[in-house]
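**Q** Predicted model, plus sequence, below.
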Amino acid sequence: MKVIEIKNVEKIYNDSEVKVIAVNGVDLSFEEGEFTAIVGPSGSGKTTLLNILGGLDRPTSGEIIIGDTNIGKLKGSKLIDFRLRNIGFVFQAYNLIPVLTAHENVEFIMQMQGISKKERDKRTEELLKEVGLGDRMDSRPSKLSGGQQQRVAVARALASKPKFVLADEPTANLDSKSTENLLEIMEKLNYEENITFIFSTHDSRVVKKARRVITLEDGKVISDNKLS
Amino acid sequence: MIWSIAWKNIWRNKIRSFVVIAALIIGIFGAVMLVGIMEGWVAQRTHDSIYKEISHIQVHHPEYLNNEELKYTVNNYHDIISTIANQPGVIAWSARTKMFCMAQSDWSSTGLIVKGVDPEKEKMVSELYQSLEEGDFLAETQRLPSIVLGEDAAKTLKLVNWEVTGEKLDSLDNTKFSRSFKQKLNDLKGKRFRVEKEFKDSLEANLSDKEYRKYSGYLAKYFSFYRLRSKITITLPDTSGQFIYCTFRVKGIFKTSNSMFDALNAFVDINVIKKNSGLSSDDYHEIAILCTDNETALTVNDELKQKIADNDLMSWKKISPELAMYSDFMKIMDYIYVAIFLLALSFGIINTMLMAVLERTKELGMLMAIGMNKLKLFKMIMLESVLLTFTGGIIGMIISSLSIHYFGKTGINLSMWAEGFEAMGYASIIYPSLSWDLFIGIIILVIITGILSAIWPARKALKLNPSEAIRNE
């Protein structure tokens, strides 16, 4: 089943004196359960494309259809609400709320969705156990290692039961052991729960695990390899 | 959870938050104490004025206040008294005669308003008898009739003298004053001074400059004494238009917070006045009425006006319009003072909140990315500012309320400036007070300050673009 479809998407930055075409006429579609890596050199448009897929940036032209919704037509709070209910985010620098515990960080997103306390607690515990942090629920981010923080971020991304998870260079700040551990967890979630993951990455270890690799250069898709 | 996050966010940078909270505590303490002192002053002035000087309501002949002549006594005295006695809200009343006289002692003379009163009834209406520095309030039987007058009038008539007596010198506090100091004062023993300045000049000649500066005020008070039982002669007008001379013995000297009142007023037994001036037993110039409280007095005044048509009735607000004006004006000034303090403090809060938003750009971007809508983000920043302000505000209010409560009992002694205060009719010992409506009003102002101070930082947060904010370093 098609989760995302983008048609002829273009993103041009006119901020500086030089016109920059960050994404240049990209057509792509993503199926449910994909484990996709978007790769390419710095400045190739990976992060911009990911931001457009997540509704954080608007394309200059083209359409982004998620499920049945053309998110280009959503404005203001409707777009924010759409992100809350449909898209999970994992960031390179973890971006957890430092004053909240691991449990609260995961729970917070469900509270914004209006889920009851009982259900929130149950799901938070399940997710943190799933990412191997069942014993660190009450720890604040400052007491967790980078790898552990990123696992909390993955749990948080999944807490809202999104249609897909976008991860922008999720392993860039992790050592090899933590990277291995994180990838194992994400792979497991992908296999067992059919969660769709889309990464932007430079990391060859992530690329090796991916079942589809899209390569960008100068904002264009130069290859799109689906591995069996 | 937004509340919890907002509260926890305040304590991310503890030193910065403590500095803002401390500024709020000190600022609010200063503002509230200032307001409390002003409120206390006005309340005290209003109380003293009503309970020692003018009472709640006064009844006069319609012509009396235009032309204060002996003949303008209240109409239908007995009817009025029975109406007043049956009026709900009235506690007591006292009928007086009032004359403008010349008073002469052996050493000096001055003009006085001599009020003829029934001492027992006067005590029901006025607290003046509690302000006696020395002596009694007219209760006596002796050959010469008694008079009670204010301290300033007594000073003018040279009834206050200064003398270093052996007895007083011996009882001077040994821990405060050395033997050599006492020896210097010993030289003044036996001399009597009728003018304060002369006594102080002698002190200056005997003491060192430092000792004189430090102790002259205290010593002038300590070695002063009232010449009670002195005779003074009052020149009274009588009903035939002649002046008669009446000699009184000083029985008591009162001191209120209003030196003008103390300089002009004297009280004598009404029977003495009636006997000498030719006024009949039903002739009174003024009936002073005391009611249960200041507000009731206004209603009672309106009701009595309907019942007593042929006399002039005035409530305390009309007798002394400046009292009501001060009270209303002071309320407005209180809010203006607090608002100015809070305005100054709000810049500190804005600065802190702006720094908090700028430092957390990345985190705020993340929150917007994962789905926190603008309303919730706005609410979170607002709450941080309000909680920060409220924390400082509440602690400041608690400290200032406790201080006002404490000083409301012990008083703040500003007697070194007593002369100036008393000339304006204000007491030099201030008992600060803070009314509930003002207390709640200030808390509301504190919350409004918190909200207004957060608007700019919160707007800055709302303008963030999540995709750019997340990349912020």
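**A** Now that the structure is in, tell me what you want to look at.
**Q** got the contact list for the residue in the stretch 1-150 of chain B positioned nearest to chain A?
**A** Using Cβ to the nearest Cβ, residue B:8 is the residue of the stretch 1-150 of chain B that sits closest to chain A, at 3.7 Å. The C-beta positions use only the backbone N, C-alpha and C, and glycine is treated the same way. By Cβ atoms under 8 Å, 6 or more residues apart in numbering or on different chains, the contact set of residue B:8 is A:99, A:100.
**Q** Relative to residue B:380, how far out is it?
**A** 11 Å (Cβ to Cβ, to the nearest Å).
**Q** same question, residue A:214
**A** Taken as Cβ to Cβ, the span from residue A:214 to residue B:380 is 37 Å.
**Q** Which positions in chain B make contact with chain A?
**A** Selection of chain B residues close to chain A by Cβ under 8 Å from any Cβ of the partner chain yields B:1, B:4-5, B:8-9, B:11-12, B:362-363, B:366-376, B:466-467, B:470.
**Q** Just the buried ones from these?
**A** Neighbour-count burial (16 or more other Cβ atoms under 10 Å in any protein chain shown) applied to the residues of chain B next to chain A gives B:5, B:8-9, B:362-363, B:366-374, B:466-467, B:470.
**Q** before we move on, the earlier item: find the residues that touch each one of residue B:8 and residue B:380.
**A** With Cβ under 8 Å, 6+ apart, residue B:8 and residue B:380 have no common neighbours.
**Q** Mind jotting down where the helices sit in the stretch 251-400 of chain B?
**A** Per DSSP state H, counting those that start in this stretch, the stretch 251-400 of chain B carries helices over the ranges B:259-264, B:270-277, B:294-307, B:316-319, B:321-359, B:361-370, B:374-410.
**Q** I misspoke; the intended subject was chain A.
**A** A:46-53, A:76-86, A:102-113, A:117-130, A:146-159, A:176-193, A:204-209 (DSSP state H).
**Q** Run the angle between the longest one and helix A:146-159 for me.
**A** Right, helix A:176-193. 20 degrees (axes from the mean of the first three to the mean of the last three Cα atoms, to 10 degrees).
**Q** neighbouring contacts of helix A:176-193?
**A** Contacts for helix A:176-193 (Cβ under 8 Å, 6+ apart): A:33, A:35, A:130-132, A:145-147, A:150-151, A:154, A:158, A:167, A:170-171, A:174, A:195-197, A:203, A:205-206, A:209.
**Q** how about the one residue sitting closest to the centre of chain A, what does it touch?
**A** For chain A, the residue sitting closest to the mean C-alpha position, by Cα atoms, centre = their mean, is residue A:166 at 1.5 Å. Going by Cβ under 8 Å, 6+ apart, residue A:166 touches A:50, A:53, A:54, A:87, A:88, A:89, A:90, A:198.
**Q** Okay, and the beta partners of the residue nearest to the first one when sequence neighbours are not counted?
**A** Spelled out, that is residue A:50. Nearest residue to residue A:50, sequence neighbours excluded (Cβ to Cβ, 6 or more residues apart in numbering or on different chains): residue A:200, at 4.9 Å. Counting by DSSP bridges, residue A:200 forms beta bridges with residue A:38, residue A:168.
**Q** roughly how far apart are whichever residue of chain A sits closest to chain B and residue B:364?
**A** Going by Cβ to the nearest Cβ, chain B is nearest to residue A:84 of chain A, at 2.6 Å. To residue B:364, residue A:84 is 16 Å away according to Cβ to Cβ.
**Q** Which one's more surrounded, these two?
**A** Between residue A:84 and residue B:364, residue B:364 has the larger neighbour count (other Cβ atoms under 10 Å in any protein chain shown), namely 25 against 20.
**Q** The more buried one contacts residue B:464, correct?
**A** Yes: contact criterion Cβ atoms under 8 Å: residue B:364 and residue B:464 qualify, at 5.7 Å.
**Q** what about the residue of the stretch 201-350 of chain B found nearest chain A, distance to residue B:385?
**A** Among all residues of the stretch 201-350 of chain B, residue B:349 sits closest to chain A, at 19.7 Å; criterion: Cβ to the nearest Cβ. Residue B:349 is 6 Å from residue B:385, where distance means Cβ to Cβ.
**Q** Residue A:101 too?
**A** Distance from residue A:101 to residue B:385, by Cβ to Cβ: 24 Å.
**Q** out of those two, which sits in the more crowded spot?
**A** For residue A:101 and residue B:385, the more surrounded residue by other Cβ under 10 Å is residue B:385, and the numbers stand at 29 against 19.
**Q** Let me see the contact set for that one.
**A** Per Cβ under 8 Å, 6+ apart, neighbours of residue B:385: B:349, B:353, B:450, B:451, B:453, B:454, B:457, B:458.
**Q** Leaving out sequence neighbours, find the closest residue to the third one.
**A** I take that to be residue B:450. Spatial nearest neighbour of residue B:450, excluding adjacent residues (Cβ to Cβ, 6+ apart): residue B:389 at 3.2 Å.
**Q** Verify the stated contact: the one you found with residue B:448.
**A** No: using Cβ under 8 Å, residue B:389 makes no contact with residue B:448, being 9.3 Å away.
**Q** Count the residues that sit near residue 114.
**A** No chain was given, so I picked chain A. 7.
**Q** try chain B instead
**A** By other Cβ under 10 Å, neighbour count at residue B:114 equals 25.
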